[in-house]
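Enquirer: can't give you the sequence, but here's the structure:
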């Protein structure tokens, strides 16, 4: 964001504000405000001759309306058309005419169909606020070797590389770049409440986070606050799923599913999504969270006797095959009816193919389907699966 107006005096509530002050308030850049004024006629109602733009409270309300519409995935040209219509209805003032776009006006809610990627016809400099986006989740250097060399040129496009995605992704990204916490949280909660967690995770949350990660590669470490705000509110929504969606009563006759990140692994959002999705199905879970030491993991398995253990690794350096095989070899229960947990090494850190002797889920939907299998079936699957090179735990480990 352009900070050239950083030396301006504090604005007085209710008084006309400069473009720099308005940009900071809305979380967009002064360039975006100038673009909206030039392209769509969304400028101050009163323009003192020979002076810089000054935005009155009603002008700022108009811009806030524009931000809300674009956050909903409405193209900027159509959003401006709606804003100007509302402005004329409220005040009778007709702003300067906006350039014709040739697009049909948006008359309903954001459609659930996929929108086309940004092309030359949609490469509007005001489609996204100025600046590049950072990586998804808490940003850490790549695990395998030194960080890649950064490109020294800035990406000329300010649009997120979202590709073929739902319009909701674009609205969520715009709200995050503006640091509009209320809008981000409201949109995430509404989407999950209406469509359910699994489709929203796979079709909105994950594509937006991936786009954030791709954009960060060209950003020179800018807008890290956007990364953290988006991750925080996705996590908040995942933890709020029981309040947003109807869910099955807890299945008290099932053993829990144990969810843990490998030691030194800090990325928990995928496990939080799985935890929430299993909760919708009534499956009991035990979430251990980030960076679980091997001995702590073994102790938790021994205490809970889980039906399954999901081990998340985001980066190859955090994956540990020996730990996975150690957990898979653990047994508990009376003689003749001893049980083992279904162990699922999950995440890109484990590589593209499943480890020998272990299952593999390619999506949240697949993981929920597998882990919702009755405990006896899951145990039978595990017992029938050989574990090469597995180091069996001493019998003292099986106390259940």
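Expert: Right, received. Where do you want to start? The structure presented is a predicted model; accordingly, all values stated were derived computationally and were not measured.

Enquirer: quick one: residue 259 from residue 43, how far?
Expert: Distance, residue 259 to residue 43, by CB to CB, to the nearest Å: 52 Å. Yep, even glycine has a C-beta here, placed from its N, CA and C like the rest.

Enquirer: who has more neighbours, the two?
Expert: residue 259 (27 against 20; other CB atoms under 10 Å).

Enquirer: For that one, which three-state class applies?
Expert: Using DSSP: H, G, I helix; E, B strand; the rest coil as the criterion, the local structure at residue 259 reads strand.

Enquirer: For it, give the beta-bridge partners.
Expert: In this entry, residue 259 is beta-bridged to residue 287, residue 310, by DSSP bridges.

Enquirer: which residues of the protein score low on pLDDT?
Expert: Applying pLDDT under 70 to the chain flags residues 1-15, 49-51, 90-165, 215-223, 375-400.

Enquirer: those strands in it, which residues are they?
Expert: Along the chain, the segments classed as strands by DSSP state E run 17-18, 54-55, 114-115, 165-166, 257-261, 285-289, 308-312, 342-346.

Enquirer: Using CSV, lay out the ones you listed together with distance to residue 31.
Expert: As requested, the strands of the chain are exported to CSV (distance: least, CB to CB, whole Å):
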stretch, distance to residue 31
strand 17-18, 14
strand 54-55, 15
strand 114-115, 24
strand 165-166, 25
strand 257-261, 40
strand 285-289, 41
strand 308-312, 40
strand 342-346, 42
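
Enquirer: Tell me which of the ones you listed lies nearest to residue 232.
Expert: Closest to residue 232 of the strands of the chain is strand 285-289 (CB to CB; 15.3 Å).

Enquirer: That closest one packs against which elements?
Expert: Packed against strand 285-289 by the contact rule (3 or more CB pairs under 8 Å, 6 or more residues apart in numbering; DSSP states H and E) you find strand 257-261, helix 269-280, helix 294-304.

Enquirer: Show me which residues of that strand are buried.
Expert: Residues of strand 285-289 classed as buried: 285-288 (neighbour count, 16 or more other CB atoms under 10 Å).

Enquirer: Nearest to residue 362 among these?
Expert: Ranked by distance to residue 362 (CB to CB), those are led by residue 285 at 20.5 Å.

Enquirer: Skipping its backbone neighbours, what lies nearest residue 360 in space?
Expert: Leaving out its chain neighbours, the residue that sits closest to residue 360 by CB to CB, 6 or more residues apart in numbering is residue 354, at 3.5 Å.

Enquirer: And residue 280, how far from residue 341?
Expert: For residue 280 relative to residue 341 (CB to CB), the value is 22 Å.

Enquirer: typed the wrong thing, it's residue 291
Expert: To residue 341, residue 291 is 21 Å away according to CB to CB.

Enquirer: Which one of these two is surrounded by more residues?
Expert: Between residue 291 and residue 341, counting by other CB under 10 Å, residue 341 is the more crowded of the two (25 against 16).

Enquirer: For the more buried one, which residues are in contact?
Expert: 258, 301, 305-309, 327-328, 330, 382 (CB atoms under 8 Å, 6 or more residues apart in numbering).

Enquirer: got a markdown table for those residues, with distance to residue 204 too?
Expert: As requested, the contacts of residue 341 are arranged in a markdown table below (distance: CB to CB, whole Å):
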| residue | distance to residue 204 |
| --- | --- |
| 258 | 28 |
| 301 | 34 |
| 305 | 36 |
| 306 | 30 |
| 307 | 30 |
| 308 | 27 |
| 309 | 29 |
| 327 | 33 |
| 328 | 34 |
| 330 | 38 |
| 382 | 34 |
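
Enquirer: could you dump the residues you listed to a markdown table with distance to residue 59 and neighbour count?
Expert: Below are the contacts of residue 341 laid out as a markdown table (distance: CB to CB, whole Å; neighbours: other CB atoms under 10 Å):
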| residue | distance to residue 59 | neighbour count |
| --- | --- | --- |
| 258 | 55 | 25 |
| 301 | 61 | 25 |
| 305 | 64 | 20 |
| 306 | 58 | 28 |
| 307 | 59 | 25 |
| 308 | 57 | 26 |
| 309 | 57 | 26 |
| 327 | 61 | 24 |
| 328 | 64 | 24 |
| 330 | 66 | 22 |
| 382 | 64 | 19 |
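
Enquirer: which one of those sits closest to residue 362?
Expert: Of all the contacts of residue 341, residue 308 has the smallest distance to residue 362: 16.5 Å, by CB to CB.

Enquirer: looking at it, that closest one is touching residue 371, isn't it?
Expert: Yes: using CB atoms under 8 Å, residue 308 makes contact with residue 371 at a distance of 5.4 Å.

Enquirer: Number of residues surrounding residue 45?
Expert: The local packing of residue 45 (other CB under 10 Å) involves 13 other residues.

Enquirer: Quick check: it touching residue 56?
Expert: Yes: counting by CB under 8 Å, residue 45 touches residue 56, with 6.6 Å between them.

Enquirer: ok, residue 86 - contacts?
Expert: Neighbour list for residue 86: residue 65 [criterion: CB under 8 Å, 6+ apart].

Enquirer: can you give me phi and psi for the residue nearest to residue 350 when sequence neighbours are not counted?
Expert: Once flanking residues are discounted, residue 350 sits nearest to residue 319: 5.1 Å by CB to CB, 6+ apart. Phi and psi for residue 319, reported as degrees, to the nearest 10, are phi -70, psi 140.

Enquirer: Check the gap between residue 319 and residue 262 for me.
Expert: Taken as CB to CB, the span from residue 319 to residue 262 is 6 Å.

Enquirer: Mind listing the shared neighbours of those two?
Expert: Common neighbours of residue 319 and residue 262 (CB under 8 Å, 6+ apart) are 313, 349.

Enquirer: Comparing these two, which shows the higher neighbour count?
Expert: Taking neighbours as other CB under 10 Å, residue 319 and residue 262 compare with residue 262 leading, 26 against 22.

Enquirer: Good, we can wrap up now.
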